[in-house]
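> My questions concern the predicted model and sequence given below.
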Amino acid sequence: MAAFTRLHYDVGKIPLGDLVRKVLAVDDLEGLAASDRVATRETDQSTDYHKRFYEAFDAVEPAYRELARTLLGADAEHHYIQRVPTFRVHLRNSLAVGDWHRDSDFGHDPNEVNYWVPLTRAYGNNTVWIDKEPVRAEYGDVIVFDGANTWHGNVVNDTDISRVSMDFRTIPRDKYRPNDKKSVSFGMPFLLGEYWDVL
């Protein structure tokens with residue numbers, strides 16, 4: 001059984017990369033400057049790029065929701081989605097996520113499904129690794145995998161480009177159970193109206 005499924009969407013109709021580039025006020029997402037230190041689990045969400053993305057998420061939200069609706073299709077009304085996607089910046093000489101992990105190690109429900117959305121090219125040591133294998137992907141791809149129960153992470157980016165991506169989770173409404181544990185990235189309880197939302 002494959003560790004992931006690859007889906008595609010039309011970046012002309014859902015221009016997430018362009019929106020994120022504008023929010024970050026940069027000309028080229030792949031050209032983000034190399035880091036002078038390797039990120040840790042405590043610092044991997046604390047760059048200026050993360051701050052800009054989350055502060056201006058309102059500008060990205062309509063396209064994000066359109067992407068989720070497109071990917072889920074007729075099943076959208078039967079799922080909850082992560083209200084705010086997690087933003088990742090894999091700068092050269094650094095990491096995008098500080099630790100290898102399964103999301104269930106951090107309080108996530110085992111029924112969640114992960115959607116990883118690269119906004120740049122992703123390959124070699126700048127990409128996400130699932131089950132110890134690097135995932136090659138392009139802007140317009142979406143990698144769907146069982147992040148709650150599958151080991152995933154990344155390694156120090158020694159490629160020529162920085163990788164930018166976002167990821168989000170869904171859960172079937174009939175599997176949802178209120179959970180007061182808090183997400184690592186946002187410190188937000190796994191509750192409807194907090195971490196989870198309807199489309």
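Cool, the structure landed.

> can you give me the strands for this protein?
4-8, 79-82, 86-90, 113-118, 129-130, 133-134, 141-145, 152-153, 163-172, 179-182, 189-190, 196-197 (DSSP state E).

> of all these, which lies closest to residue 20?
strand 163-172 (6.7 Å; CB to CB). Every C-beta, even on glycine, is put in place using the N, C-alpha and C of the backbone.

> Give the other helices and strands that that closest one contacts.
Applying 3 or more CB pairs under 8 Å, 6 or more residues apart in numbering; DSSP states H and E, one finds that strand 163-172 contacts helix 16-24, helix 61-72, strand 79-82, strand 86-90, strand 113-118.

> okay, those, which one's buried deepest?
strand 86-90 (a mean of 25; mean count of other CB atoms under 10 Å).

> Give me the contact list for it.
32, 44-45, 47, 49-50, 53-54, 96-97, 126-127, 154, 157, 162-168, 185-186 (CB atoms under 8 Å, 6 or more residues apart in numbering).

> Show me which of the residues you listed are buried.
Buried members of the contacts of strand 86-90, counted by 16 or more other CB atoms under 10 Å: 32, 44-45, 47, 49-50, 53-54, 96-97, 126-127, 154, 157, 162-168, 185.

> Lowest average confidence across the strands of the chain, which one?
Lowest mean pLDDT within these: strand 179-182, a mean of 90.
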